[in-house]
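1. quick check, what structure comes out for this input:
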Amino acid sequence: MTAAAPAAHATPAVAPARRGLLPWATDIVRRIRRRMWKMRMRSALGGHRVCFVASNCVGSRLASMADLPYNSPTVDLYITPDDFLAFASRFEAYRGLRFVADPEESANYDFPVVTIGGGEAPVIRLYLMHYHSIEEAQAVWDRRFARLKAEDVALVMTDKLGATEEHLRAFDALPYPKIVFTHRPHDDIESACYVPGYEDEGEVGDLFSEWHALLTPLTNARLRRMFAPWK
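-> Residues are numbered from 1 along each chain as shown. Purely as a prediction, here's the structure:
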């Protein structure tokens, strides 16, 4: 399993308030952009109830923007690239399995870390960054797994946590609708979606908080291509 780096949601810098109507105008523009993105997502989905199974919280952001329920068991946690690929390639094998506390890894964070796996399911780590206890996370995992259907799955990953070209290509080969957000272009990887603005950072940023960065790359054509299996 790959060692993880902290992946807490960064708090976007807040610019000092200016005089006049600028704060109001900024808020209005953001509301309009969010509404336009929701319309774009709904149009691309064509009414299908997609479940975004993601390596981090960007999946829940996409679900929120599409007005979809949080049916994915991976909401509110994150998984390293190696482990996410293992999970995404055979997620049905993890259905009904129990979390095992990982006290050594948990000592490095202010949230629980667990392992899960066995038999046909390779052992992977889950970083439960938005849960107060393992019991709470297990209950949510089980409840959402019960609603998970393979025919509704769309996989979402980013190039965070040391994702390599090899990881991106392995993700691209998975037999599901999918998208991986990257900090630089990968023209030969069909599922790669380049998000401008992070070129000097070595990986994309916190796309849950910085959702506005997705508005430009997630064009209508890109969304229609991603969701084509449900058309």
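
2. ok, residues contacting stretch 161-173?
-> 2, 4-5, 7, 55, 78, 80-82, 85, 88, 155, 157, 159, 178, 180, 182, 186, 189-192, 203 (C-beta atoms under 8 Å, 6 or more residues apart in numbering). Backbone N, C-alpha and C define where each C-beta goes, glycine included.

3. which ones among these lie within helices?
-> 81-82, 85, 88 (DSSP state H).

4. tell me who's in contact with the nearest residue to A137 once chain neighbours are set aside.
-> Distances taken as C-beta to C-beta, 6 or more residues apart in numbering put Y131 closest to A137, at 4.1 Å, once the chain neighbours are dropped. Shown in contact with Y131 (C-beta under 8 Å, 6+ apart): 76-77, 111-112, 137, 140.

5. buried sites along the longest helix seen in the chain?
-> Criterion DSSP H: the longest helix present in the chain is helix 22-45. Buried positions in helix 22-45, judged by neighbour count with 16 or more other C-beta atoms under 10 Å: 37, 40-41, 44-45.

6. same check on stretch 131-147?
-> Here stretch 131-147 shows 131, 134, 137-138, 140-141, 144-145 as buried, counting by 16+ other C-beta under 10 Å.

7. so can I have TSV of those residues showing pLDDT, secondary structure and distance to R30?
-> Below are those laid out as TSV (pLDDT from 0 to 100; DSSP: H, G, I helix; E, B strand; the rest coil; distance: C-beta to C-beta, whole Å):
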residue	pLDDT	secondary structure	distance to R30
Y131	96	coil	29
I134	98	helix	37
A137	97	helix	32
Q138	97	helix	36
V140	96	helix	30
W141	96	helix	33
R144	94	helix	29
F145	93	helix	34
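
8. I116: which of those is nearest?
-> W141 (8.4 Å; C-beta to C-beta).

9. tell me the spacing between the closest one and V50.
-> To V50, W141 is 19 Å away according to C-beta to C-beta, to the nearest Å.

10. repeat for M157
-> 15 Å.

11. those two: who's more crowded?
-> M157 (30 against 22; other C-beta atoms under 10 Å).

12. how far off centre is stretch 84-97?
-> 16 Å (C-alpha atoms, centre = their mean, to the nearest Å).

13. now D83. Nearest residue, chain neighbours left out?
-> Per C-beta to C-beta, 6+ apart, closest to D83 is I124, 3.7 Å.
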